[in-house]
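Sequence and predicted model, in that order:
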Amino acid sequence: MRLTETEMAECLNLPAGTIRRWIRQGRIPIQKKGGKYLFEPGALQRWTEANRLPFRLPENETGIQAQITESPEETSIGSLSEAMQRGGVLYDIAGEDTRSLFDKAVGNITGLPDDLKPDILERLIQRERLSSTGIGKGVAIPHPRNPTVDVLEHPLVATCFPEKEVDFKSVDNHPVFIMFILLCPTPRHHLHLLSRLSFCLRDDRFVDFLKARPVPEVLFARIAEIEAALERKEGL
Amino acid sequence: MGAKLIHIFRNTPIGRESLLQSAYFCKQADATPVVYIPRHTKFLMYFENDVVQVDLDSSYLKAPDSAESRAAELLFEQGMEADFFKPKNFTASTLPDIPTHFDFMCCPGTISDLSSKIGLGYIGPRVRRILNEAYFPVLLASGVYKPWKRIAVLFGGSANALNAFKLGLRLRRTSGLPLELYTRREGKSEEDYRSIMRNANLEDDFERHADGWHFFEDGPIEESLYEIHHDALVVVGAFRHGLIKDMVFGSTVEKIQSVLPNNLLVVGPKYTFSV
Amino acid sequence: MGRFIKTWRRPEKWSLFRPDDRILLILIGILVGICSGVAAVALSRSLFATLHWVHSFHIYWWAFLLPGIGAALSSLFLNNIMKEGAGHGVPEVIYSVSRYGGLMRLRSSFSRLIASWLTIGSGGSAGPEAPVVMSGAAIGSNIGRIFSMNERQRVTLVGCGAAGAISAIFNAPIAGMVFTIEVILGEWTAVNIVPIAIASVAGTQISRFLQGNNIVFDLRQFHIGFVDVLASFGLAVIAALASILLTHLLRKMPRLARKTPLPIWLRAAVGGVIVGLIGVAFPVVLGEGYHSIQSMIDGAFTPGMLLVMVATLAKMLATAFTLGWGGSGGIFAPSLVVGSLAGLAYHRCLVFVWPAVTWAHEGCFALLGMAGLISGMMQAPLTGIFLIVEITGGYGVIVPLIVVSAISSTVCQYIEPASFYLKELVDKGQLLRPGTDARVLSDLSVHELLERDCISVTRNMLLRDFVQTVQRSHRNFFPVEDEDTGRFLGMIHLDDIRPYLFNPGMYDAVVMEQIMNRGVEVVRPEDDLLDVLRRMDERRLFSMPVVSNGVFLGMISKATLLDRYRQELRVQTQFVA
């Protein structure tokens, strides 16, 4: 089998200079022929195992490509609007206090298996007891105390409009008119979505827009728009 | 970026000319000169499969006190910072090792004292061995400093000639000077040579960057080489024909060097093109 | 035809040898062993003949000039024709093995032979072994080069050459093998030992074929009593002291010689003439001295106690004058002579002090003295033991032999940690034995450790924009570059500016140039890792920027270094299957 220098470096996950030197020193069962590296995959495999080095043969051009996109750094973490679409929008949730409000809201989230709901509710309330998730301007972002909900495959944000404003003991003492219940499989998703959400909420015009209780399509479109602008800026 | 040229400095008027030539080359090739001021008349270069001992003549050791300041001054005039190489490893106490990881090396035709005695137009056996083993091209500087304004690649169709062409392209890119190809037909048609170029996937580069391809009919080599501009840097690939043949007839490069007073950039068989 | 030659020159491409190069190495090892054996025999035969011929002039008064002429010629030959430096060559072999995979010049394969032949043949006090080792090693290296061997294989062939040479000159295969592994390679692996052992056998065989199966020093049977074993402890100390004295003389002498305002060849001549003068009084110091060793072992060396002591010193001085002033040769044979003289002197002392005790024969002590000096000079006890056993053909003295060798090399090591062969390399920090820290670090280069995932910022960047950059980066370090020239200006470490990152009031007030660290310690890509690490330790840094020609290339950090270091160590110490 023959590979070029860069392919070889990719296979062994080593700098090209190291491979070149090892070949020169005769430490690695690879030979140089022309500009290419010549080796027997089996022998090299045994050698890398004996030396506990990583080794991965490229199946073909697309093989390497696919593996790269699968690696965790490269996978897209997903957007807020997608997570919101999964969570859905709930209108006119009845409830006098946080507990009853959560109970109703969690019960109505469609994207959640029913047997999980009591557990998640308990964790939301626990977190709320720790400190209020009301972040001001009449917005709350309830989430479980331990943000990981490992059974979920994808993060989920449920948007809930209570029937009437509820006192959340928020930082600014404003009663809450909207809450985003945030359920994520990993802390990384949690932080990502939380930061996206708070970025949206920093804009007072967006808060006013929410106060108008927009229909789901309009809400998602607006979020997607803001996210696109943010990504453009980050991509700079 | 970050290419380096090793120059062995000689503190004489001839050495001054070749340092100026190196400096000019570096400017055009986007490289930095690394100057070695010899303290001993010999040094070793360890290549992958050969070790070459270069014996300098004693003129290299003249006036060691002023050498460093003079070299620095010459480079400063050219707008360059002097980077001096101090050998760290010694095979024997008077035998320093010069590393071989440089991107270019400047060899005056007279780097070894043997060749200076035998005369001009003869690449010393040491330089020839360096050429055979080195991963870097060797700049054979002309006797008097002369800035070149164009690049001429002698293209004979071999793998090395392709390397020479690639090197020419690189110089073309860094310097912006016009690049021309010269080929002696040697019984083949122009189309043959163009197809060699095509097979190496270099035709596009040729169309885009080269400014002409001159073909010579076979004739005396002096006649053909006259066509090359006086102010061109000549890039040429060297390869071994075999020890005996080289010793009896001299290599092509040696023939070229004896006819052309231009600066010569010679690409050896082990040269691997790297950007 | 051309293609045939091409494949022939690259035997690892033959299908037979592709799976494993051991057979190939053994075959080429035999070839190397034979060639270096021939070289060794050629030198020892021509020395024998020349010494014999030169001896005939010793009736003339001007005979003391002969070593001077020889040394001068040898120095001229080595410096002006071969353009090699003086010295016995063993450090050069070790150096090339550890740093350049055993690459040696072709000229080394014969230059030392001729130079040492001139020096020793004319009467200079030096040994032919080191030159022969160098020649053998260079032969091995160049044969490896012809066959386009890689470094690991070439190092083995260099070892084969050295082993073949020592085996041939002493007719002692084990000594050749042990010497090579203990002194030259410093590495005991199965891949190395087999070809080297076989090359030793080849060298020995060729020597037996050319000059007969003679044991170098013919030995009579000795009767070793318990008192002799006890006495050997004392001899070991004497031998160790003699080794150290000889080492010091050999090291001081070149410095003295360099102070004289003479051309190099004339210095060699002066040294040679002094040796010649010493030789007038003590002929035992002249030449490589094998003949005198034989007479001492036989008990035919007549001078009394004090005279032998003075002769011991005289031999040391003669050796130092020969080698230190520019002659060419090794210290192996002189050590043997000094050792046997010291052993003899010790024996005479014992007899003088305790005349009533029945001591072993004085030849036995001469023998033990030799082992003591070899072990002490080279700090290679095994070489000493095996060499003496083999060159004398006597297994009977093995017990005191081991005692003397072990104690002598231990005492020497205690006083002078690096042996004579290695001292030069240790001083320069060039002793890079396989699998050691220094070797791993010298093999790795800064380029291989470069971490290129740092994001550069420009010097006019506002803190506001920098905060964005911080969001994207995985690293805590940010190099600052000039936007026009790309030159590296300084570093920003996140720790330094953390307080300001959360102060939006400063976002538009501060540019990178104002907060960066100027004058940071930088590494150049050609720097030695050992040196880089030392600097990191001194300044308690965990990572450093690598800058070449004012351009930032990447970072080098201890974390990556550890990773690569372990890989390198594993790969170096693992045998390639």
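Looks like it arrived, so ask away. Because the structure is predicted, anything quoted here is derived from the model rather than measured. Residues are numbered from 1 along each chain as shown, chains lettered A, B, ... in the order given.

Out of the helices and strands in chain B, which is least certain?
Sorted by mean pLDDT, DSSP states H and E, the helices and strands of chain B end with helix B:113-118, the least confident at a mean of 41.

what about the stretch 151-275 of chain B, any weak spots by pLDDT?
Within the stretch 151-275 of chain B, the stretches with pLDDT under 70 are B:239-251, B:273-275.

now the helices for it?
In the stretch 151-275 of chain B, the helices defined using DSSP state H, counting those that start in this stretch lie at B:159-175, B:190-199, B:203-209, B:221-226, B:243-249, B:252-259.

just chain A next, same as before
For chain A, the helices defined by DSSP state H occupy A:5-12, A:16-25, A:41-50, A:61-70, A:80-87, A:98-108, A:117-130, A:187-201, A:204-211, A:216-234.

Just put the helices of the stretch 151-275 of chain B in JSON lines and tack on distance to chain A and mean neighbour count.
In this view, the C-beta of every residue, glycine as well, is placed from N, C-alpha and C. Formatted as JSON lines, the helices of the stretch 151-275 of chain B follow (distance: least, CB to the nearest CB, whole Å; neighbours: other CB atoms under 10 Å in any protein chain shown):
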{"stretch": "helix B:159-175", "distance to chain A": "9", "mean neighbour count": "21"}
{"stretch": "helix B:190-199", "distance to chain A": "15", "mean neighbour count": "15"}
{"stretch": "helix B:203-209", "distance to chain A": "18", "mean neighbour count": "13"}
{"stretch": "helix B:221-226", "distance to chain A": "30", "mean neighbour count": "15"}
{"stretch": "helix B:243-249", "distance to chain A": "23", "mean neighbour count": "10"}
{"stretch": "helix B:252-259", "distance to chain A": "23", "mean neighbour count": "19"}
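
For those helices, could you give me JSON lines that also reports distance to chain C?
Putting the helices of the stretch 151-275 of chain B into JSON lines (distance: least, CB to the nearest CB, whole Å) gives the following:
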{"stretch": "helix B:159-175", "distance to chain C": "14"}
{"stretch": "helix B:190-199", "distance to chain C": "20"}
{"stretch": "helix B:203-209", "distance to chain C": "24"}
{"stretch": "helix B:221-226", "distance to chain C": "24"}
{"stretch": "helix B:243-249", "distance to chain C": "12"}
{"stretch": "helix B:252-259", "distance to chain C": "18"}
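
For chain A, which residues are neighbours of chain B?
A:24, A:35 (CB under 8 Å from any CB of the partner chain).

Can you pull out the low-pLDDT segments for chain A?
In chain A, residues with pLDDT under 70: A:34, A:59-76, A:147-150, A:234-236.

domain assignment for it?
A:2-70, A:80-234 (automatic domain parsing).

want to throw the ones you listed into TSV with distance to residue C:151?
Output for these, formatted as TSV (distance: least, CB to CB, whole Å):
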stretch	distance to residue C:151
domain A:2-70	4
domain A:80-234	46
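
Compare those and give me the one nearest residue B:219.
Residue B:219 lies closest to domain A:2-70 among the domains of chain A, at 34.5 Å (CB to CB).

and the angle for the helix or strand containing residue B:129 with helix B:252-259?
Using DSSP states H and E, residue B:129 falls within helix B:125-133. If you take axes from the mean of the first three to the mean of the last three CA atoms, to 10 degrees, helix B:125-133 sits at 130 degrees to helix B:252-259.

Mind checking what helix or strand follows helix B:125-133 in sequence?
By DSSP H and E, the next helix or strand past helix B:125-133 is strand B:138-140.

quick revisit: list the helices and strands the helix holding residue B:129 packs on?
With contacts defined as 3 or more CB pairs under 8 Å, 6 or more residues apart in numbering or on different chains; DSSP states H and E, the packing partners of helix B:125-133 are strand B:51-55, helix B:113-118, strand B:138-140.

and it, how far out from the chain's middle?
Its chain's C-alpha centre and that of helix B:125-133 lie 11 Å apart, by CA atoms, centre = their mean, to the nearest Å.

With adjacent residues omitted, what lies nearest to residue 153?
Answering for chain A, as no chain was given. Nearest non-adjacent residue to residue A:153, counting by CB to CB, 6 or more residues apart in numbering or on different chains: residue A:185, 6.6 Å away.

meant chain B, my bad for not saying
Distances taken as CB to CB, 6+ apart place residue B:168 nearest to residue B:153, at 4.1 Å, with adjacent residues excluded.

and the residue of the stretch 251-400 of chain C nearest chain B?
Using CB to the nearest CB, the closest approach of the stretch 251-400 of chain C to chain B is made by residue C:254 at 9.2 Å.

packing partners for the strand or helix carrying that residue?
Using DSSP H and E, the element containing residue C:254 is helix C:226-259. Applying 3+ CB pairs under 8 Å, 6+ apart, one finds that helix C:226-259 contacts helix C:305-324, helix C:332-353, helix C:362-378, helix C:398-415, helix C:420-428.

Wait, residue C:138 touches residue C:109, no?
Yes - with contact defined as CB atoms under 8 Å, residue C:138 counts as touching residue C:109 (3.8 Å).

ok, these two, which is more surrounded?
Between residue C:138 and residue C:109, counted using other CB atoms under 10 Å in any protein chain shown, the more crowded position is residue C:138 (30 against 23).

ok, the spatially most central residue of chain B to residue B:263 distance?
Closest residue to the average C-alpha location of chain B: residue B:139 at 2.0 Å, with CA atoms, centre = their mean. According to CB to CB, to the nearest Å, residue B:139 and residue B:263 sit 7 Å apart.
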